[in-house]
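Peer 1: using only what follows, build the 3D model:
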Amino acid sequence: MKEKEKERGARTNPAMDGTAKTIARTGEEPSIIDPNAETLISQPGVSAPSEAPDQKNAEQEESRDKVAGKGQSRGQGRLSNGDMVGEYQVTHLLGVGGMGEVYAGEHPVIGKKVAIKVLNRALCSVPEMVRRFSAEAKAVNRINHHNIVDIFSFGELEDGSQYFVMELLEGETFTKFMNKKAPLTYGDAKEILEQLCDALAAAHEADVVHRDLKPDNMILSQDRRQRCHLKLLDFGIARFFEDGISLGRTQTGIRLGTPLYMAPEQGAGEHVDHRADIYALGVIMYQMFTGRTPFISKSYIEILQAHSFQPPPPPGRLAELPTGLEELILWTLEKAPSARPESVAILWERLENILCRLDPESTPILSQTQENLSQHESKSKESTSSQNKGSPPSQKSHGNLQRPNHEARSGNTTREVSPLQFQDSKRRLTLLLGVGLLMAAMVAGGLFAWYLSTR
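Peer 2: Below is the predicted model of the structure:
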């Protein structure tokens, strides 16, 4: 039996290099110094996410599938089957990545199954990594919401490595769900968005900003009545405040998040608040109803620039959407945080009113060819380039945030809204400098971790 397990472990997971994907995920695109592994996905299935620059997300999704509940991983963990971690006994190794290991565990008396995440021994001597590891457990317990993964134990192993214990989830990522079903029916969309908005609203009320909201950090499962249940994961780079002191501070110019869902101010390394999560939620809604994200590119920098300077292709050109729904999505994707919905509660109130009037079994009909879409995006880039060289674009005022009015529609024509007036050249320079700092920080961090591991 042990020999078969070793053979399976030896054959598995070429995509696990640098990532721990079980109780979650670890590093992202060049971005994001992200020490987290989040949640076990226990239903296998292979599908490549459509939104990944340089196919990184596809590799990470494959990693999730291969380690999901099968005890397969690359490399050997520090713990052995039968070892006790707090009250829980290790049953098998789920995954090994650059930031640590993830194990399946079980309470020896009551049989409760859990996932145990252990921080890499070398990173335990890096204060920033340790701080973020503990901050994830703090953030989740500060929010305490049934749609957010539960972390219920925290401690240190005998060698001083930190660990925490969290619920073991069954289901699939929302990325995989959308790859199979997008565009979603209005009924499915309402059921999922209601839970996601409720979880985000609870986080924001607790002064926690997720900062990496994306489909890969959402797990969907079904109960016996086929009702959908959502869990929001990965608060390892969350920003939250306690007694007025930021416990999630980052260096200026270092971005935390994922480019495809990153708000313009986050991509530029500027101050981020709850409205960055609202922007990411808007990207997710766009993808739910059109089958793709607003901006697609294999270049990390191009995506950041698109979020900052290009208007998103109106979703109504990609799928036949009700006017109110299209306007609501575009409201969340405003370049300036002050032009977006003030809160998730306000957004959901409007969204619910729209979705409740639609047939829950109907699905938006895709109406845009890739060729026409490419032409539109090319024109958008040219328009943005000319605007950057000339005078700043005019901005249509929204006035009251309760009344978004992004486009004037007449028949089959749509008039796009230009980006907000802001200092494009300054933001572009900040963006480029930030990417340079990010690359330098990643190289320095990798060398430092290697040095510690060889001592």
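
Peer 1: for this structure, longest strand please?
Peer 2: strand 88-97 (DSSP state E).

Peer 1: partner strands of that one and their direction?
Peer 2: strand 84-85 (antiparallel), strand 100-106 (antiparallel) (DSSP bridges).

Peer 1: for the record, mean pLDDT for the last one?
Peer 2: Read it as strand 100-106. Throughout strand 100-106, pLDDT has a mean value of 91.

Peer 1: mind listing what's buried along it?
Peer 2: Gly100, Glu101, Val102, Tyr103, Ala104, Gly105 (16 or more other Cβ atoms under 10 Å). (Each C-beta comes from the backbone N, C-alpha and C, glycine too.)

Peer 1: same list, those, but as JSON lines with distance to Glu158 please.
Peer 2: As requested, the buried residues of strand 100-106 are arranged in JSON lines below (distance: Cβ to Cβ, whole Å):
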{"residue": "Gly100", "distance to Glu158": "16"}
{"residue": "Glu101", "distance to Glu158": "15"}
{"residue": "Val102", "distance to Glu158": "19"}
{"residue": "Tyr103", "distance to Glu158": "15"}
{"residue": "Ala104", "distance to Glu158": "20"}
{"residue": "Gly105", "distance to Glu158": "16"}
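
Peer 1: Ala263: which of those is nearest?
Peer 2: Gly100 (28.5 Å; Cβ to Cβ).

Peer 1: isn't that closest one up against Asn120?
Peer 2: Yes - counting by Cβ atoms under 8 Å, Asn120 is a contact partner of Gly100 at 4.5 Å.

Peer 1: in a helix, Ala189, correct?
Peer 2: Yes - the assignment for Ala189 is a helix, going by DSSP: H, G, I helix; E, B strand; the rest coil.

Peer 1: and it, how far from Val96?
Peer 2: 36 Å (Cβ to Cβ, to the nearest Å).

Peer 1: out of the two, which sits in the more crowded spot?
Peer 2: Using other Cβ atoms under 10 Å, the more surrounded residue of Ala189 and Val96 is Val96, with 27 against 22.

Peer 1: quick check: that one touching Gly77?
Peer 2: Yes - counting by Cβ under 8 Å, Val96 touches Gly77, with 6.0 Å between them.

Peer 1: dump the strands paired with strand 88-97 to CSV, plus distance to Gly291.
Peer 2: Shown next, in CSV, are the strands paired with strand 88-97 (distance: least, Cβ to Cβ, whole Å):
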stretch, distance to Gly291
strand 84-85, 42
strand 100-106, 31
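
Peer 1: ok so, going back, Val149: which of the buried residues of strand 100-106 is nearest?
Peer 2: Val102 (13.0 Å).

Peer 1: who is that closest one paired with across the strands?
Peer 2: Where Val102 sits in a bridge, its partners, by DSSP bridges, are Gly95, Lys117.

Peer 1: any weak-confidence spans in the stretch 201-350 of the chain?
Peer 2: Within the stretch 201-350 of the chain, the stretches with pLDDT under 70 are 237-257.

Peer 1: and the strands in it?
Peer 2: 208-209, 218-222, 228-232, 239-242, 245-246 (DSSP state E, counting those that start in this stretch).

Peer 1: pull up the overlap in contacts between Gly100 and Asn120.
Peer 2: Ser161 (Cβ atoms under 8 Å, 6 or more residues apart in numbering).

Peer 1: residues in contact with stretch 196-207?
Peer 2: So stretch 196-207 is contacted by 139, 142-145, 147-148, 209-210, 213, 218, 230, 232, 235, 238, 240-242, 274, 277, 281, 284, 343-345, 347-348, 351 (Cβ under 8 Å, 6+ apart).
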